[in-house]
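J.: just a sequence and a predicted model for now, questions to come.
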Amino acid sequence: MLKSLLKLGKAKSILVCETDGFLLRAAVYTRTGSELAVLQTAESQQADMADAVADVIKSLKDNGWEGGEAILLSPTVLSTILELPVDPKKPRPLAQMNELIRWEAEPLLVQHTTQCSVGNLLIARGYMTREQADAVMDLQQGRTNPAGGLELMEKFSLRRFGDLAEELGYIKRSQLNACLAGQEWLKSNDDVIECGWSPQGEVSDIPGTYHWQVSAVTKTLLQRWTTVFQMQGVSLQAMYPLAGSSACLLSNSSEEQVLIESHAGMSFTMQMKGNHIVEQHLYLDSSKSPFERCLEGFHTLNAANDSQLSLSNWSKNDDTTHKELAISVDQDITAIDNNSITEKSSPGMVGAGLHYLNMGKSNWVSNIRMGGPLPDLLQRPNVRAAILLGTITILILLAEASLFIRSSIVEAHKSEIDERWQIIDTVMKRINGDIKQVTERKKELKVRKSDKQREQQRFIFFGEELPERAALVQIILGILQESVSENIIINSIDEQVRRSAFLPVSTKLNKNKQVEVDSFNLQAWALTETSAQQFIQTLEKASHPWDLKVLNSNVVGRAGPLNLDGFVVTLRIVKLVSADSLLNREPQL
Amino acid sequence: MNKLAKLKQSEQILIAITLFVIIIGAYSVFRFVPKYQDISAQERSAAKTERKLLKARIPNEPDQDAQQLLSQLDDQEHAMALISDMADSVQQRLAPLDSQELRVLISQLARDLKVRITTNERIEGKAPALKMVAQKKRKKKNQKTANANEENKNIALPATYSWLDRMAPNTLYHRPLQRIELVGQYRRIREFIQELDNLPWQVTVIRMKIEKQSITPLRGYAQALKAELVLAL
């Protein structure tokens, strides 16, 4: 998963360059799904590779390429198999591993760079034959040769190979210069090397020792190429060996596989068992035909008869190699093919492009990265940073999720509670409002009843009671006038002042449940007792029609005016009303 | 990235821890904690509302309908209007509280009927209610006199109380009271009392005391009487 994530971070397109020292070929590949597509191609035959790089990049940019990253396939990059006592499952620290690989690869690289000598280059270019080169070498080393004896050795031993070949007339100066210019980009005398490696399987007969595919190049050359690309605004990411990169085009198989690559002047063979490389060889011989080189290379392997053979042959007009090889080994040989392989896009370039874009069989090719090989996935700072950021992101997402879930639960609960409360609150407010309204109206009703009662009382008092009182006074005066005789002298009539509590009726009720409301005390004097009694009776009779009562009548003998003997009469004329009518008196409407 | 690759393991761990602390810390301070507090506040609010819900008691519906009370109020309004109409007619029979004209008419009447007024003074009744209010005031020192007077205005003493008490100031039946002492013959005094009813305004004798003069009349003359009347004007 982490790998696929890293894949997303990779560039979608890559510029792949390939050089054999004399020609620079370039192709821009892009990822289209699981396939690789060629966007643009360019080629330059400039003798100086700096000019060649400038040429191809200018050409690509003129055609719309926007620049970016590049990789380079070069014959100067060594690709070999080392047997190391390092288990890929228990890798050593990067620095230690680097040191170990360098130690093993350094002599091999020195040996490998000999193929980039002027002589080999001149032969490879076809400017001179192997025999001519041997003759020049013999002259340099003073060996017996057709050209001369010991005197010649003294003459030529200190001469350079190219100069000697020119002097002998084998090559022209321009051809020599071209080769020397190309050699600048293939060879250096630097001891410091940069490596890349890919773990393979365990060595069958040596337990604990494993095969490691190693690529190596001198640091000076790597930097030189990097600078050249940098000057053109392109970032060189890695260098690949010229031979062996097409292995990326092979697919996994449980059976033994053999890859045969045919290049100009050399062949490359690789043997894989159980998806691990067990052997690989580079065979150089410009004098032989491609078929012969491939056959030689194949025979260097201890391949089984039932091996799956694959041939990566890109030479133009070379249809015979495949057939001849198949006949010679008496086996079917699968030609490596890919949609991206064109006249200007070699299988090696496509394989390297697939490898760089992590689309092909990655462990059968190893590259040399700028800045050294990548450490293990978990040791890479960018991976660690990604893990850290991923962890933080996951933590934050978890926290957010927990917040969201809790918030949702709480909000749902709260909205439900609020809704219930709103319903109850509405009902309570309505009922309270009704109660308030009813209370206010009751209060208002009470006030109005009170007002009404007061008005009634005032009306009864001023409209009924006071006129009744006036009438009573008239009645009393009338009764007195009618009851008085010649034998009676009324001394005084005085109204008794009532002193009652608020509701005295309850205490002063008589047997008829009547209460006194008005009382007049009368004092009179009679000449005789008879006349006194008659006076009382007359008063009682006169009072009766008016609902008045004569009470507490008393006749006592006592001297009167002029000291005449007589009788004093005292009595009370009272007005009685029923207690009920007193309390519940209603206006007479 | 190259610079990052050159860092030692311990430096990378330190940077990672620092970054972790900064990012997680910033997230916690600016996002998680405020949001968490917000949710907690919502939770507390919900719990509070829930408690309110548990404690809430829906009051009983009022036993009386507001509309019914409204119709009762209307009935009272009508009754009040009717009573007010009647009260107005009675009110028109009462003289203004500060009327001097009525007093003059009473004096005129006495003069016309040859009744001599010896005393003519304004008096005021003393309602027992006032005494009770005074007692209450002693119990409730904060209660103001104005309130007491206001209360007395609504007091309507029953008929068992004396007229003087019932018509005391600050009661419902308050009227100005006039105490007069008359000297004259019985017939004149009675006529005087009768004629009071014929005055333009209502005058009622609410206390009456008539007694014989100690002076014996001349032969053939009626006994002179002294009448003390309290008139409600």
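T.: Structure received. Numbers count the residues shown, from 1 in each chain, chains lettered A, B, ... in the order given.
J.: longest helix of chain B, counting residues only.
T.: Determined from DSSP state H, the single longest helix within chain B is helix B:66-92.
J.: just the pLDDT for A:V28.
T.: Note on A:V28: pLDDT of 94.
J.: can you report how many residues neighbour it?
T.: 23 (other C-beta atoms under 10 Å in any protein chain shown). The C-beta positions use only the backbone N, C-alpha and C, and glycine is treated the same way.
J.: any idea how far chain B is from it?
T.: To chain B, A:V28 is 24 Å away according to C-beta to the nearest C-beta, to the nearest Å.
J.: before we move on, which element is that residue in?
T.: strand A:24-32 (DSSP states H and E).
J.: all helices for chain B, in order.
T.: Listed in chain order, the helices of chain B (DSSP H) span B:2-6, B:9-27, B:33-55, B:66-92, B:101-112, B:128-139, B:145-153, B:163-166, B:186-196.
J.: list the residues that contact the residue lying closest to B:L164 once chain neighbours are set aside.
T.: Spatially, and ignoring its direct neighbours in sequence, B:L164 is nearest to B:G125 (3.8 Å; C-beta to C-beta, 6 or more residues apart in numbering or on different chains). Residues near B:G125 by C-beta atoms under 8 Å, 6 or more residues apart in numbering or on different chains: B:162-169, B:177.
J.: tell me which residue in the stretch 1-150 of chain A sits closest to chain B.
T.: Per C-beta to the nearest C-beta, A:L94 is where the stretch 1-150 of chain A lies closest to chain B, at 10.0 Å.
J.: can you tell me the closest non-neighbouring residue to that residue?
T.: A:P375 (4.5 Å).
J.: would you list the contacts of B:G125 in TSV and tack on distance to B:D38 and neighbour count?
T.: What follows is these, written out as TSV (distance: C-beta to C-beta, whole Å; neighbours: other C-beta atoms under 10 Å in any protein chain shown):
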residue	distance to B:D38	neighbour count
B:S162	79	25
B:W163	79	27
B:L164	79	20
B:D165	74	21
B:R166	74	25
B:M167	75	25
B:A168	72	24
B:P169	70	16
B:L177	79	21
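J.: who's in contact with A:N177?
T.: A:N177 touches A:A47, counting by C-beta under 8 Å, 6+ apart.
J.: doesn't it fall inside a strand?
T.: No. The assignment for A:N177 by DSSP: H, G, I helix; E, B strand; the rest coil gives helix, which leaves it out of any strand.
J.: next one, pLDDT for it please.
T.: For A:N177, pLDDT reads 86.
J.: go on, the one 10 residues further on?
T.: Predicted confidence (pLDDT) for A:K187: 80.
J.: and if you look at the one 3 residues further on?
T.: Residue-level confidence at A:D190 comes out at 76, pLDDT.
J.: and the nearest residue to it once chain neighbours are set aside, what does it touch?
T.: Nearest non-adjacent residue to A:D190, counting by C-beta to C-beta, 6+ apart: A:T220, 3.9 Å away. Counting by C-beta under 8 Å, 6+ apart, A:T220 touches A:188, A:190, A:192.
J.: for A:T220, give me phi and psi.
T.: Dihedral pair for A:T220: phi -60, psi -40, per degrees, to the nearest 10.
J.: ok, the one 10 residues further on next?
T.: Backbone torsions for A:Q230, taken as degrees, to the nearest 10, come to phi -60, psi -40.
J.: A strand includes A:T334, no?
T.: Yes. Assessed with three-state DSSP, A:T334 lies in a strand.
J.: what's the burial count for it?
T.: 14.
J.: quick one, grab the pLDDT at it.
T.: pLDDT recorded at A:T334 is 89.
J.: and it, what does it touch?
T.: Contacts for A:T334 (C-beta under 8 Å, 6+ apart) come out as A:308-311.
J.: please redo it, this time with the cut-off set to 10 Å
T.: A:250, A:257, A:259, A:308-311, A:322, A:326 (C-beta atoms under 10 Å, 6 or more residues apart in numbering or on different chains).
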